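Participant: got a predicted structure here, sequence first:
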Amino acid sequence: MMSNSVSRKAQRRRHVASAALLCASMLACVPPALAQEVSQAEKLLFQSNHLRNLTGPQALRYRYVHKEKDGAGFSDAVQVDVGARNSDGGIAVTAKFLSGERQVALPPLSSAEGNPALLGFLERDIAEMKRLTGGSTNYFRKRIRIALAEAASVEPVSLAYDGRQVQGRKIAIQPYLNDPMREKMQKYVGKNYVFLLSDEIPGAVYELKSTVPGEPKASAAQVEETMTLAGASGGP
């Protein structure tokens, strides 16, 4: 019995550590001055309990759409399966972020607070930026974190969900606009991110979007990726 108890505790620590590592990946690699204070945008995205309004097992379903100016693109899905709450108030979560070769591996968590769909979106975006530009993963994480800490706009918004209006927050950033290395970013300098959150919807994450704008006179973005909450249903 003692051995089984120790094993379960060790497993739980590993799951919690996995969650901490995912969050730390966005909060690491910043100058010490930025690490002293956490901005409102960072708190909303990385230090809020997005799952606190869930009362039982649910499956959160997100629609993921990738568009490109030349017509290339794809549609896929993200699903976050939320289990029952543990006796200590924690909640078990597993996530499938996209499918096939596009799938982003996210570890199961035995005691989650943040919505893993948010971190999956950012990790995919960062991996794509690395692939397209040859930059480092830590560089892109750092730029997003600095933008959230120094230059994020946060404003209240009204969102339409499940036939009703809910109140939420809109967070917007442009990580590369004032980047000292912007000359190496070329077409990505104007890239922007918009995060829509609401405590009145399951899982708090309503929509996440990244956009690479087109030329000044272009009517369409070069690349746009959007993940939107499609619905929630009772779990198994």
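Facilitator: Structure's in. What do you need? Model, not experiment: these values are computed from the prediction.
Participant: the strands in this structure, which residues?
Facilitator: Assignment of strands within the chain using DSSP state E yields the ranges 58-68, 73-85, 91-97, 153-161, 164-173, 192-197, 205-212, 223-234.
Participant: out of the ones you listed, which is closest to Leu51?
Facilitator: Among the strands of the chain, the nearest to Leu51 by C-beta to C-beta is strand 91-97 (5.5 Å). Quick note: C-beta positions are derived from backbone N, CA and C, even for glycine.
Participant: doesn't Ala117 make contact with Met227?
Facilitator: Yes. With contact defined as C-beta atoms under 8 Å, Met227 reaches Ala117; the gap is 6.8 Å.
Participant: overlap in contacts, the two.
Facilitator: Listed contacts common to Met227 and Ala117 are 62, 78, 208; contacts here mean C-beta atoms under 8 Å, 6 or more residues apart in numbering.
Participant: dump the residues you listed to JSON lines, plus distance to Leu54.
Facilitator: JSON lines is the format used below for these (distance: C-beta to C-beta, whole Å):
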{"residue": "Tyr62", "distance to Leu54": "15"}
{"residue": "Val78", "distance to Leu54": "16"}
{"residue": "Leu208", "distance to Leu54": "19"}
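Participant: can you lay out those as CSV showing neighbour count, distance to Gly134 and pLDDT?
Facilitator: Converted to CSV, the shared contacts of Met227 and Ala117 look like this (neighbours: other C-beta atoms under 10 Å; distance: C-beta to C-beta, whole Å; pLDDT from 0 to 100):
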residue, neighbour count, distance to Gly134, pLDDT
Tyr62, 27, 29, 98
Val78, 28, 27, 98
Leu208, 26, 25, 98
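Participant: partner residues bridging Val223?
Facilitator: Val223 has these beta-bridge partners by DSSP bridges: Glu68, Val212.
Participant: since we're on it, how many residues are nearby?
Facilitator: 21 (other C-beta atoms under 10 Å).
Participant: and stretch 109-127, what's buried?
Facilitator: 109-126 (16 or more other C-beta atoms under 10 Å).
Participant: contacting residues around the residue lying closest to Asn115 once chain neighbours are set aside?
Facilitator: Residue nearest to Asn115 in three dimensions, not counting chain neighbours: His50, with 4.0 Å by C-beta to C-beta, 6 or more residues apart in numbering. His50 sits next to 113-115, 118, 197, 203-205 when contact means C-beta under 8 Å, 6+ apart.
Participant: distance of the residue nearest the centre of the chain from Gly163?
Facilitator: Compute the mean C-alpha point of the chain, and by C-alpha atoms, centre = their mean the closest residue is Leu118, 1.8 Å away. To Gly163, Leu118 is 24 Å away according to C-beta to C-beta, to the nearest Å.
Participant: swap in Gly73?
Facilitator: Distance from Gly73 to Gly163, by C-beta to C-beta: 28 Å.
Participant: so between these two, which is more surrounded?
Facilitator: Higher neighbour count among Gly73 and Gly163: Gly73, with 13 against 5, using other C-beta under 10 Å.
Participant: if I read this right, the more buried one contacts Ala221, doesn't it?
Facilitator: No. Between Gly73 and Ala221 there is no contact under C-beta under 8 Å: 11.4 Å.
Participant: intersection of neighbour lists for these two?
Facilitator: Shared contacts of Gly73 and Ala221, counting by C-beta under 8 Å, 6+ apart, come down to Lys67.
Participant: mind listing the residues bridging to the nearest residue to Ser233 once chain neighbours are set aside?
Facilitator: Computed as C-beta to C-beta, 6+ apart, the closest residue to Ser233 that is not its neighbour in sequence is Ala59, at 5.3 Å. Per DSSP bridges, the residues bridged to Ala59 are Asp81, Ser233.
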